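need the 3D shape of this:
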Amino acid sequence: MELEEILQQQVEIDQLFDHLVKVHKIALLGDDNNNSSNQKIKDNLSLNNIRHDITVCLNDFNVLNNMLISYDGKIKGDIDFLRKAKISISKMKQRQNELQRKQNEWNYTTEVIEKEHLASQPSNGNSIEIKTSYRYKMNKYIEMVGIDNTSLSQEPTNDVDNSKVINDDVELTGTQTKKALHLLDESYNEIQNEIKALDTLMNNLKKDASFIEKERRQKLGYIKLQQRQFDHELNSLETNINDLLNKCGLVLPSNVGVPISQKLFHLSLYWNEQRKRKLKEENGDIINHSDEFIDLKIKELKDQLTHRKSNSSKLLADKKLWEDCVTNLEELEDYLNQVLAMDQTILPSKLIQKISIKIDYLESLLRYTENVKIKELIDDEIYSLKMACKELSPKRTQISQTSENKDDNSNRDKTYKIHSTFHINPITNTSAPFVVGKSPPKIGISHDYTKSTSHTTNKKNE
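Prediction:
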């Protein structure tokens with residue numbers, strides 16, 4: 001039988017036992033409120049069967065508790081699993097923290113890196129100094145011919161030949177013209193060389209830029225690869241932690257519980273990101289407190305083990321206590337049936353004495369149980385016996401004296417006709433393990449035996 005079935009049967013038997021306690025009181029003592037339905041129940045019930053059912057219930061409690069104890073191995077296994085799960089989750093959480101710390105080291109933030117590197121670099125940075133010598137000769141030429149006689153002061157047109165434009169204000173001799181041309185040639189050659197040098201510098205800068213871009217792409221790709229590896233391992237750890245917590249009985253929230261209509265209504269990427277972020281925060285909070293949950297779970301299972309073992313001895317003691325009570329009631333019933341069958345003229349004081357002994361014994365049984373329901377059952381039986389003693393007391397017993405021998409009656413032992421509500425039936429054995437047997441020891445004076453004892457005394461006189 002599965003554990004859940006045992007627990008369900010335990011609840012059902014407990015409810016039945018509560019009902020039997022109430023019915024036992026009604027069948028034994030009647031209904032103080034004179035409820036017609038309860039009176040009908042009393043008339044149709046056999047106290048013998050009720051006692052038997054109570055015994056069976058107590059036995060079932062003991063059997064089911066023993067069955068639960070047989071699951072102690074499973075509970076101990078669950079406790080061992082929870083302990084190992086707690087250790088595993090703790091290690092995985094430590095690994096998570098370590099991975100997150102490393103992942104943060106691989107996070108590329110330009111602003112942070114720039115601040116870190118600029119702090120260690122010279123304030124002026126790297127500079128390239130370019131020296132040119134052509135301007136000196138060019139300026140010498142301009143001074144020689146005058147700036148107005150250069151192309152700087154002329155606006156070239158498509159229909160004018162610039163070579164034919166001559167400023168009449170300055171006339172150069174042949175020697176001066178050749179010297180001016182010589183300055184231009186040297187200036188031109190120098191500037192060409194410097195352009196080549198700048199071209200070379202530009203090419204080098206372009207090569208450096210190409211190298212930097214290539215290296216940058218490689219490093220960015222490597223960083224992304226590391227980030228993906230960290231994410232993969234972190235996701236794997238999170239999945240393992242969630243699975244373990246789920247097996248421990250702690251289910252984490254997820255997107256599974258989101259209604260379809262809500263998913264369709266919130267299709268934006270922003271909402272999805274917000275949802276993921278919120279779930280991640282909730283899961284993180286739960287995981288952070290998972291140790292406390294597992295500790296409570298282990299404590300609960302340990303309490304179950306302790307309670308079942310201690311409860312086992314209590315249930316067995318309660319069952320034996322009730323069986324002892326019923327056995328004593330049966331012994332009293334057998335005695336009263338035998339005495340009343342052999343001698344209807346027995347003195348009530350003798351019956352009261354016998355019943356009182358049983359009352360004292362039943363009261364002593366109450367000290368050995370803490371079960372409120374068992375105490376109520378025995379108290380009801382004790383109350384019934386006390387009521388029987390009250391019915392048998394001389395003040396309540398109906399005595400009839402003979403009218404013919406009134407003077408002699410004072411010197412004769414008084415006898416009483418006593419009738420008991422016990423049915424004088426033999427106790428039959430049955431195969432059922434907990435058959436209690438006979439009807440209740442309810443004792444009273446019957447009106448059928450209230451007549452005078454004169455017939456007996458008359459026969460003796462005759």
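
residues in contact with stretch 238-254?
Applying CB atoms under 8 Å, 6 or more residues apart in numbering, the external contacts of stretch 238-254 come out as 81-82, 85, 88-89, 92-93, 96, 279, 282-283, 286-287, 290, 293-294, 297. In this view, the C-beta of every residue, glycine as well, is placed from N, C-alpha and C.

buried subset of those residues as a ChimeraX selection?
Of those, the buried ones go into a single ChimeraX selection, burial set by 16 or more other CB atoms under 10 Å:
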select :82,85,89,92,93,96,283,286,287,290,293,294,297
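
okay, and which of the contacts of stretch 238-254 map to helices?
By the criterion of DSSP state H, membership of these in helices covers 81-82, 85, 88-89, 92-93, 96, 279, 282-283, 286-287, 290, 293-294, 297.

tell me the contacts of residue 134?
Applying CB under 8 Å, 6+ apart, the residues near residue 134 are 186, 187, 188, 190, 191, 194.

among the residues you listed, which ones are buried?
By 16+ other CB under 10 Å, those give 186, 187, 190, 191, 194 as buried.

closest to residue 24 out of the contacts of residue 134?
Of all the contacts of residue 134, residue 24 sits closest to residue 194, with 121.5 Å by CB to CB.

that closest one against residue 132, yeah?
Yes - contact criterion CB atoms under 8 Å: residue 194 and residue 132 qualify, at 5.3 Å.

quick check: phi and psi on residue 369?
Here is the backbone geometry of residue 369 (degrees, to the nearest 10): phi -140, psi 150.

list the contacts for it?
Residue 369 neighbours (CB under 8 Å, 6+ apart): 317, 318, 321, 375.

give me the pLDDT value at residue 379.
pLDDT recorded at residue 379 is 94.

which strands or helices does the host helix or strand of residue 364 pack on?
Using DSSP states H and E, residue 364 sits within helix 348-365. With contacts defined as 3 or more CB pairs under 8 Å, 6 or more residues apart in numbering; DSSP states H and E, helix 348-365 has these neighbours: helix 290-342, helix 372-392.

buried residues in the last one, which are they?
The one in question is helix 372-392. Buried residues in helix 372-392 (16+ other CB under 10 Å): 373-374, 377-378, 380-382, 384-385, 388-389, 391-392.

so where's the protein uncertain?
31-45, 110-128, 154-170, 254-273, 394-462 (pLDDT under 70).

run through the helices of it in chain order.
Counting by DSSP H, the helices of the chain are 3-29, 36-44, 47-70, 72-105, 110-118, 134-145, 174-247, 260-265, 269-288, 290-342, 348-365, 372-392, 406-409, 454-461.

quick one: those as CSV, columns for distance to residue 152 too.
Shown next, in CSV, are the helices of the chain (distance: least, CB to CB, whole Å):
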stretch, distance to residue 152
helix 3-29, 104
helix 36-44, 129
helix 47-70, 111
helix 72-105, 61
helix 110-118, 44
helix 134-145, 8
helix 174-247, 14
helix 260-265, 73
helix 269-288, 62
helix 290-342, 84
helix 348-365, 133
helix 372-392, 121
helix 406-409, 172
helix 454-461, 169
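
how is the protein divided into domains?
Using automatic domain parsing, the domain parsing of the chain gives 3-78+300-403+411-461, 83-110+133-149+170-290.

please identify the most buried of those.
Across the domains of the chain, the average number of neighbours (mean count of other CB atoms under 10 Å) peaks for domain 3-78+300-403+411-461, which reaches a mean of 15.

returning to that earlier point: how about the buried residues of helix 372-392 in a markdown table, adding distance to residue 107?
Formatted as a markdown table, the buried residues of helix 372-392 follow (distance: CB to CB, whole Å):
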| residue | distance to residue 107 |
| --- | --- |
| 373 | 67 |
| 374 | 70 |
| 377 | 74 |
| 378 | 76 |
| 380 | 78 |
| 381 | 80 |
| 382 | 81 |
| 384 | 84 |
| 385 | 86 |
| 388 | 91 |
| 389 | 92 |
| 391 | 94 |
| 392 | 97 |
